[in-house]
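[1] the sequence isn't on hand, but the structure is:
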Ligand SMILES: C[S@@+](CC[C@H](N)C(=O)[O-])C[C@H]1O[C@@H](n2cnc3c(N)ncnc32)[C@H](O)[C@@H]1O
């Protein structure tokens with residue numbers, strides 16, 4: 001039996017549905033309603049995207065260059081870490097930490113020698129987190145932007161136990177990567193989205209990963225990109241998502257490649273990964289444009305303001321972020337957990 005809340009998935013204007021309370025989100029999950037209705041919600045979004053694409057064929061979208069990406073992060077490096085205080089991003093980061101910690105612990109439980117390569121390390125937050133899990137993990141932080149790496153340097157310098165290198169280079173150029181391969185690769189948030197030749201970067205990361213290693217590779221969720229652009233950025237920007245496969249969340253940033261969970265998995269298999277699981281998060285919280293602003297310290301989502309509601313929601317997210325079939329509802333981020341052999 002479907003309950004009344006399931007009606008909310010059946011809407012004339014296809015968009016990602018946001019439960020209004022933690023209680024409602026929990027009820028949907030417990031009754032498996034969300035999983036069933038997620039199929040319908042996704043089908044409606046797919047239908048809407050296909051319709052837009054089929055009816056608008058002549059929109060060539062200009063592509064940015066690496067000089068634009070560099071210039072953007074020279075400026076963004078100044079405020080980049082303010083996302084740690086933004087309630088929406090801070091919540092998303094907690095889910096991401098849970099995913100990293102869980103899969104690293106499971107994969108490396110008998111391995112002492114963990115060598116991390118952080119591809120597009122930026123300001124080093126994710127290296128810092130993973131290196132902090134165990135002082136025997138060594139790490140290389142790699143990025144093409146010296147301003148971002150400058151911020152990273154001060155953070156990882158405080159980790160006294162771990163062996164750390166910082167390298168400036170382009171992930172498209174295999175010879176820029178250090179000679180010895182790694183058994184743990186991080187490629188967090190919008191690195192491949194901002195890379196200009198994403199397939200080449202992914203091929204390089206796959207060949208750089210040791211055969212028994214583990215890679216976490218993130219991308220922007222195309223359903224979120226479409227939903228957000230359609231609601232807040234206008235028809236042309238929604239069209240960019242469906243016809244160019246890129247998104248501009250703000251007009252002053254380079255466009256980023258985005259993927260459905262299925263496209264992301266196919267791409268990763270095509271470049272050589274054997275076992276790929278794509279997850280997405282957050283599933284029950286959806287950001288407003290204001291919520292995603294880096295310097296914002298407030299949120300419109302009351303559940304993120306109330307400590308006990310937030311903690312209940314986080315517990316719920318930690319369970320449902322592990323369902324790949326809900327990844328399409330991710331507020332922004334997809335994360336692929338990739339292996340080169342299906343044996344481990
Ligand atoms: C959105 S930031 C993400 C930083 C970090 N991974 C994180 O999650 O906080 C994207 C980073 O990717 C870097 N980047 C983009 N394309 C790159 C490439 N081809 N080679 C190396 N770094 C690249 C940018 O310079 C920037 O620091």
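    Structure received. Please read all numbers here as calculations on a predicted model, not as lab measurements.
[2] rest of the way, CA atoms for contacts and neighbours
    Will do.
[3] show me what from the stretch 51-200 of the chain comes close to the ligand.
    Contact residues (C-alpha under 6 Å from any ligand atom) of the stretch 51-200 of the chain with the ligand: 120-123, 125, 143-145, 148, 169-172, 187-191, 194-195.
[4] at 5 Å instead, please
    120-122, 143-145, 170-171, 188-191, 195 (C-alpha under 5 Å from any ligand atom).
[5] inside strands: which ones of these?
    residue 143 (DSSP state E).
[6] could you tell me which of the residues of the stretch 51-200 of the chain next to the ligand belong to helices?
    Judged by DSSP state H, these include no members of helices.
[7] export the residues of the stretch 51-200 of the chain next to the ligand to TSV and append columns for distance to residue 227, pLDDT and neighbour count.
    Compiled in TSV, these are given as follows (distance: C-alpha to C-alpha, whole Å; pLDDT from 0 to 100; neighbours: other C-alpha atoms under 10 Å):
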residue	distance to residue 227	pLDDT	neighbour count
120	27	98	27
121	28	98	27
122	27	97	27
143	30	98	23
144	31	98	20
145	30	97	23
170	32	98	19
171	30	98	25
188	22	98	23
189	19	96	20
190	18	95	17
191	21	98	23
195	23	96	21
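[8] quick check: the farthest pair among the residues of the stretch 51-200 of the chain next to the ligand?
    For these, the farthest-apart pair by C-alpha to C-alpha is 170 and 189; their separation is 16.6 Å.
[9] report the secondary structure state of residue 167.
    strand (DSSP: H, G, I helix; E, B strand; the rest coil).
[10] check contacts around it.
    When contacts are counted by C-alpha atoms under 8 Å, 6 or more residues apart in numbering, residue 167 touches 140, 141, 142, 143.
[11] please produce a markdown table containing those, extended by distance to residue 177.
    Formatted as a markdown table, the contacts of residue 167 follow (distance: C-alpha to C-alpha, whole Å):
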| residue | distance to residue 177 |
| --- | --- |
| 140 | 10 |
| 141 | 10 |
| 142 | 8 |
| 143 | 10 |
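[12] if any of the residues you listed are buried, give me the ChimeraX selection for them.
    Buried residues within the contacts of residue 167, by 16 or more other C-alpha atoms under 10 Å, are selected in ChimeraX with:
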select :140,141,142,143
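[13] of the contacts of residue 167, just say which sits nearest to residue 108.
    Nearest to residue 108 among these: residue 140, at 18.1 Å, using C-alpha to C-alpha.
[14] partner strands of the host helix or strand of that closest one, with direction?
    For residue 140, the host element (DSSP states H and E) is strand 138-143. Paired strands of strand 138-143, with direction, are strand 115-119 (parallel), strand 164-168 (parallel) (DSSP bridges).
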